[in-house]
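K.L.:
Got a sequence here, can you model it:
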Amino acid sequence: MSTHEPSADRDGCPAPTGADSPSRSAAVSTTAPAAVPVPATAPMVEPVVEPGTRRDPEAEAPREAVPESARTSADGSVEDSADASADVSVDEPGVVPRSRSRDLLLLVGICLLSLLLVNAFVARPFAVPSGSMENSLRPGDRLIANQLAYSFGGHPQRGDVVVFDGRGSFLRGSAEPTGFGNALRSLVRDLGLAPADDSVYVKRVIGVGGDRVTSTGPGARITVNGVPVDESSYLAPGDEPSKVAFDVVVPAGKLWVMGDHRDASRDSRDHLGEPGGGFVPEGKVIGRAEWVVYPVGHWTGLDRSAAFAAVGGTGGHGDQR
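P.N.:
Numbers count the residues shown, from 1 in each chain. All right, here's what the predicted structure looks like:
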């Protein structure tokens, strides 16, 4: 009787029956733990431990991935750099960014430059120093002279109130003082940064180049080219047109001017015997007085008087309106 013993493995252990023999390369473990999922953002890396080194369980524990935008503060807490940058970019109340300050200064500079250019070439303010033009202008009034009124071929006309430099006509000596200091002072006055000096006058034009202006004295009207002029609309109450008799012919390019307050005005009549004869060169006219802007209660426009309408067409400049 023959016996059949189960085949044995090479280590002497009997082979299991009723099942396929496992592969010799397979690792069999009856106590294998369940697999632990690893976060995709922080893959686990097996640390390399040198022989003889003791493993640190805490160091080998998996760490959570920290976003790049996070940062660690001095006390160990984690801060988000995005939140921090947002805090920095927020404008604090009362703090003006440097770019806005620069823009504001640039705007102020442009405004000041524009104002200076307007004062120098377009409209210039003047203060009335005396009562020679009452009641049209009173002492202390601030008026604006239009410096472009006679530009581009224009000429002063009868009835205009003009601001002019009296050097060479109302004041002796036609040459302006020379030197850097005087030139600088003149520039400052032209820009409107300083008051005009005593050589600047404001009067009304009575005659222009080619006109014959006459007066027979108290009780009579002034005549221009033989036409009596009714000046009652602007003469100071109680004033005569002229208490001084005169008869002049205005040279070409010059003006005969008088104040509205005839009894208190030193004008062309007072300079008849001087070299200039009391005539004002048109080139010395700074501008036509257009508006009274101060005080507020005396705001008014200085329109050309219609008193000379009847004299139209007889002057050296053609029709006078």
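K.L.:
so what's C111 scoring on pLDDT?
P.N.:
Note for C111: predicted pLDDT of 82.
K.L.:
helix or strand for it, which one?
P.N.:
Per DSSP states H and E: C111 is located in helix 98-121.
K.L.:
Identify each buried residue in whichever helix or strand comes after that helix, please.
P.N.:
Sequence-wise, the next helix or strand downstream of helix 98-121 (DSSP H and E) is strand 123-127. Buried positions in strand 123-127, judged by neighbour count with 16 or more other CB atoms under 10 Å: 123-124, 126. Where C-beta positions appear, they are placed from N, C-alpha and C, glycine not excepted.
K.L.:
what do you get for stretch 158-173?
P.N.:
Buried-residue list, stretch 158-173, by 16+ other CB under 10 Å: 158-170.
K.L.:
average pLDDT for that stretch?
P.N.:
On average, stretch 158-173 scores 90.
K.L.:
Listing partners with orientation, what would you give for the lengthiest strand in the chain?
P.N.:
Using DSSP state E, we find that the single longest strand of the chain is strand 285-294. Strand 285-294 pairs in its sheet with strand 142-146 (antiparallel), strand 161-165 (antiparallel), strand 300-301 (antiparallel), by DSSP bridges.
K.L.:
Not counting residues beside it along the chain, what's closest to L137?
P.N.:
Spatially, and ignoring its direct neighbours in sequence, L137 is nearest to V128 (4.7 Å; CB to CB, 6 or more residues apart in numbering).
K.L.:
Run through the residues that contact L143.
P.N.:
Shown in contact with L143 (CB atoms under 8 Å, 6 or more residues apart in numbering): 125-126, 128, 137, 163, 202, 289-293, 302.
K.L.:
from these, which would you call buried?
P.N.:
126, 128, 137, 163, 202, 289-292, 302.
K.L.:
picking up where we left off before, please work out the average pLDDT along the longest strand of the chain.
P.N.:
94.
K.L.:
So what touches that strand?
P.N.:
Residues contacting strand 285-294 (CB under 8 Å, 6+ apart): 123-126, 137, 141-150, 156, 160-165, 200, 202, 255, 298-302.
K.L.:
Let's see that with 6 Å instead.
P.N.:
141-147, 149, 156, 160-164, 298, 300-302 (CB atoms under 6 Å, 6 or more residues apart in numbering).
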